[in-house]
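Novice: sharing a sequence plus its predicted fold:
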Amino acid sequence: MLYERRRFLLPTALLVSAIGGISITAAAWKKDKKIAAAAQMDPHTQALHALQRLTFGPRPGDIERVTAIGLDKWIDQQLHPEHIDDSALDARLAPFRTLRMDTRELVENFPPNQVIRAVMEGKKPMPSDPVKRAIYQAQIDRIREKEERKQEARNTPPTPVPPTTPQPETNPASDNSTLPVNNADASANPAPPSAAPATATDRSTADDRKAQRREDRMYASMKAEELLDKPPDERMKEVLQMSPEEQRALSNSLRGQKGDQFLEGMNPKQKEVLLALNNPEQVVGDELTQAKLLRAIYSERQLDEVMTDFWFNHFNVFIGKGADRFLVTGYEREVIRPHALGKFEDLLVATAKSPAMLFYLDNWLSVGPDSDITRGIRRYPNRPHPRRLPPPPPRNPNQAKGKKRNGGLNENYGRELMELHTLGVNGGYTQQDVTEVAKVLTGWTIDQPQKGGGFKYEERMHEPGTKIVLGHKIKDHGEKEGMEVLHILAHHPATAHFISTKLAMRFVSDDPPPALVDRMAETFLKKNGDIREVLETMLKSPEFWGESTYRAKVKTPLEFVVSSIRATGADVSDALPLARQLNQLGMPLYGMQPPTGYSMKEETWVNSSALLGRMNFSLALMSGKIGGVDVDTNRLLSTPPGATPDSRQTLAALENSLLAGTVSKQTHDAIVSELQNESAGSSNVKAVVKPAARKNDKPAPPPASSVNTIAGLILGSPEFQRR
């Protein structure tokens with residue numbers, strides 16, 4: 001098709017034309033900031049502006065609904081989401097069981113390698129439940145196969161692994177479930193290979209194993225086809241009766257449409273089990289990712305979702321770091337979401353005590369230089385005096401400066417707490433303050449991390465003595481020292497200004513007016529960090545509703561993808577393909593490794609490659625090439641039954657539905673030109689970049705063309721990229 005031949009040329013042509021026929025550069029994009037600036041904020045424009053800033057983008061009919069109930073009333077509803085019915089979203093999220101599991105349950109049901117190895121070594125019992133057992137056994141088989149392949153690569157006999165003897169399952173509340181504590185794959189250090197050279201028998205055995213694996217894969221593929229004709233329960237029953245090798249091979253074969261067909265009709269638990277046979281940890285991350293996208297797309301509590309995303313990014317935690325693969329689910333559910341519109345101090349304390357944050361920034365390992373643990377002192381509750389253990393061995397003179405036994409003092413969290421979470425980089429703190437805050441927070445750790453425990457204050461890790469933080473004397477009060485420092489930081493003027501600036505950057509402009517930030521910071525201090533009150537100050541300001549603010553923000557990839565789905569009214573049955581699109585656009589969900597979080601500024605997201613990627617996503621979306629997403633273009637056109645609009649009417653209708661009618665002449669003319677070239681069969685990009693139009697020139701009406709192509713071009717236009 002013509003679209004296929006020109007998919008990489010067409011986007012550049014359109015954007016070059018829309019930006020003025022010069023070049024697709026960030027500088028050119030910035031020059032076009034006011035391509036559709038409203039002359040004044042009439043009620044229709046005000047409603048659109050509010051929807052662009054306080055939600056993930058308007059849906060068809062949203063502007064009319066907001067106007068009908070009144071803008072002030074709608075904003076008040078969004079500021080108080082607890083009164084908004086969101087049952088439709090709840091129904092969409094119901095299949096994702098991991099969203100309701102605590103960390104211990106996640107580790108038990110979707111075990112990491114450490115748990116599997118504990119079972120292999122007899123340190124943890126094999127689950128008696130047949131479904132859990134199938135997952136565990138499949139992972140044991142995977143680890144053995146991996147070790148066998150390593151041995152085969154060394155041309156040595158494999159290290160024998162004793163067979164696993166099932167043991168009775170213990171009480172889940174008291175068993176030895178293990179939480180991963182780092183990124184290392186336990187299988188990365190297999191037993192040393194035998195020194196004996198491989199014999200012909202050994203090589204024959206290795207060849208037999210390879211042949212067996214090939215047979216398992218062939219059998220699994222045929223078995224999947226055979227089981228498609230059976231009811232879901234019967235299908236699952238036969239899967240559980242397969243050998244572990246066959247189960248893993250079957251799980252690996254369930255790709256794309258074939259996988260969708262196999263999972264059709266199964267309940268959520270059955271689907272999770274089949275996916276977990278191949279990679280149990282990935283099930284947790286995939287469900288969390290899908291839930292984030294579905295919430296952003298379908299939640300009626302849009303401002304709450306926007307603020308949840310804002311605060312998660314502000315208090316960023318990277319899901320790819322060891323235990324955080326299991327901890328991020330609870331972090332967003334129990335720490336970020338409940339406090340998104342509450343008091344900042346409550347949110348700050350919740351993040352500081354979160355196992356996800358303690359693990360991510362290593363504070364759970366921080367030990368005071370003069371703590372009981374470092375000095376070898378063990379205290380007993382019934383003894384009046386502590387018992388001093390033998391002194392630790394002398395320090396190795398070759399040890400790196402600053403390193404202590406048991407990990408020593410770790411300043412990671414103390415630094416990010418002030419630089420990124422509260423005061424800001426220019427907030428007036430010093431390196432000495434960083435060190436003192438780190439000492440204050442020693443002992444803030446995780447209770448039984450191998451079992452998915454929560455926050456724990458460990459006195460023996462805590463640095464004793466008085467500390468000085470930002471000129472405040474912090475007396476020796478154990479855990480209370482941390483609470484005192486967090487209170488000081490939460491109510492500091494620099495924190496009020498820093499948080500107000502970031503909020504204004506998200507909702508107003510990349511360089512928010514200083515006067516607006518000052519008023520928001522004043523409210524922050526007067527109202528004890530009440531986030532809702534700060535937002536109200538912003539929303540009542542003339543700066544928020546100013547002409548220069550309208551469509552002044554470039555959407556992040558998340559905002560762009562979600563707003564595209566919302567604008568088209570698409571139905572999402574599987575959000576993972578959208579997540580993969582975000583990976584390609586440079587914004588994997590929960591995937592920002594540095595604690596800075598993703599940038600909200602235009603300069604980060606505007607470049608030739610990024611804009612081209614967005615255009616290709618738009619065209620793919622409207623052409624039905626994004627799996628799990630169904631777009632009904634008839635809803636966008638609002639075509640009466642039996643009516644057949646011409647191309648001019650189609651373009652006008654789509655410009656109105658997707659851009660609320662506020663489209664620039666450059667974009668309109670570029671789309672018309674592209675449609676003319678497509679109709680003529682031309683693939684010459686230069687034909688699209690036309691000389692500047694004379695004053696009295698009128699673009700020719702577009703010929704009949706694909707509605708999907710027109711809609712894709714509009715979604716990829718500069719106007720839609722802005723909010």
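Specialist: Sure, I can see it. Numbering: from 1, shown residues only.

Novice: quick check, pLDDT for residue 190.
Specialist: Looking at residue 190, its pLDDT stands at 40.

Novice: please, where are all the strands along the chain?
Specialist: 377-378, 387-388, 444-446, 455-457, 467-469, 472-474, 571-572, 629-630 (DSSP state E).

Novice: residue 503 and residue 139, how far apart?
Specialist: To residue 139, residue 503 is 44 Å away according to Cβ to Cβ, to the nearest Å. Heads up, the C-betas are built off the backbone N, CA and C, glycines and all.

Novice: compare the two (neighbour count), which wins?
Specialist: residue 139 (27 against 22; other Cβ atoms under 10 Å).

Novice: how much space between the more buried one and residue 431?
Specialist: Taken as Cβ to Cβ, the span from residue 139 to residue 431 is 46 Å.

Novice: kindly report the same for residue 364.
Specialist: 23 Å.

Novice: out of the two, which sits in the more crowded spot?
Specialist: residue 364 (25 against 9).

Novice: the more buried one reaches residue 443, doesn't it?
Specialist: No: judged on Cβ atoms under 8 Å, residue 364 makes no contact with residue 443 at a distance of 10.0 Å.

Novice: for stretch 106-122, buried residues please.
Specialist: 106-120 (16 or more other Cβ atoms under 10 Å).

Novice: any idea how far residue 453 is from the closest residue to residue 460 other than its chain neighbours?
Specialist: Spatial nearest neighbour of residue 460, chain neighbours left out: residue 372 (4.2 Å); criterion: Cβ to Cβ, 6 or more residues apart in numbering. For residue 372, the distance to residue 453 equals 21 Å [Cβ to Cβ].

Novice: and residue 318, by the same measure?
Specialist: Distance, residue 318 to residue 453, using Cβ to Cβ: 21 Å.

Novice: of the two, who's got more company?
Specialist: residue 318 (19 against 15).

Novice: which stretches of the stretch 501-650 of the chain have low pLDDT?
Specialist: 639-645 (pLDDT under 70).

Novice: all helices for it, in order.
Specialist: For the stretch 501-650 of the chain, applying DSSP state H, counting those that start in this stretch gives helices covering 514-526, 531-539, 557-568, 576-584, 602-605, 608-622, 633-637, 647-659.

Novice: and what of the stretch 51-200 of the chain?
Specialist: Under DSSP H, counting those that start in this stretch, the stretch 51-200 of the chain gives helices at 62-69, 71-79, 87-93, 103-109, 113-120, 130-153, 200-227.

Novice: ok so, going back, what about the residue nearest to residue 460, how many residues nearby?
Specialist: Residue 372: 21 neighbours (other Cβ under 10 Å).

Novice: a markdown table please, covering the strands of the chain and showing distance to residue 512.
Specialist: Shown next, in a markdown table, are the strands of the chain (distance: least, Cβ to Cβ, whole Å):
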| stretch | distance to residue 512 |
| --- | --- |
| strand 377-378 | 52 |
| strand 387-388 | 57 |
| strand 444-446 | 34 |
| strand 455-457 | 35 |
| strand 467-469 | 29 |
| strand 472-474 | 30 |
| strand 571-572 | 33 |
| strand 629-630 | 35 |
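
Novice: what does the domain assignment say about the protein?
Specialist: 2-37+553-721, 99-185+211-283, 494-549 (automatic domain parsing).

Novice: nearest to residue 351, of these?
Specialist: Nearest to residue 351 among these is domain 2-37+553-721; the distance by Cβ to Cβ comes to 11.4 Å.

Novice: let me have the helices of the stretch 51-200 of the chain in TSV, extended by mean pLDDT and distance to residue 414.
Specialist: As requested, these are exported to TSV (pLDDT from 0 to 100; distance: least, Cβ to Cβ, whole Å):
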stretch	mean pLDDT	distance to residue 414
helix 62-69	95	44
helix 71-79	97	34
helix 87-93	97	36
helix 103-109	93	25
helix 113-120	91	29
helix 130-153	85	38
helix 200-227	67	50
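
Novice: follow-up on the earlier one: figure out which of the domains of the chain is closest to residue 309.
Specialist: Among the domains of the chain, domain 2-37+553-721 sits nearest to residue 309 (Cβ to Cβ), with 7.3 Å.

Novice: quick check, central residue of the protein?
Specialist: For the chain, residue 589 is the residue whose C-alpha lies nearest the centre (Cα atoms, centre = their mean; 2.3 Å).

Novice: now do residue 145 against residue 537, distance only.
Specialist: 60 Å.

Novice: ok, those two, which is more surrounded?
Specialist: Neighbours of residue 145 and residue 537, each counted by other Cβ under 10 Å, are more numerous for residue 537; the result is 20 against 15.

Novice: setting aside sequence neighbours, what's the nearest residue to that one?
Specialist: Nearest non-adjacent residue to residue 537 (Cβ to Cβ, 6+ apart): residue 523, at 4.4 Å.

Novice: wait, what's in contact with the one you found?
Specialist: 530, 533, 534, 536, 537 (Cβ atoms under 8 Å, 6 or more residues apart in numbering).

Novice: want to try a markdown table for those, with distance to residue 638 as columns?
Specialist: Output for the contacts of residue 523, formatted as a markdown table (distance: Cβ to Cβ, whole Å):
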| residue | distance to residue 638 |
| --- | --- |
| 530 | 42 |
| 533 | 40 |
| 534 | 39 |
| 536 | 36 |
| 537 | 39 |
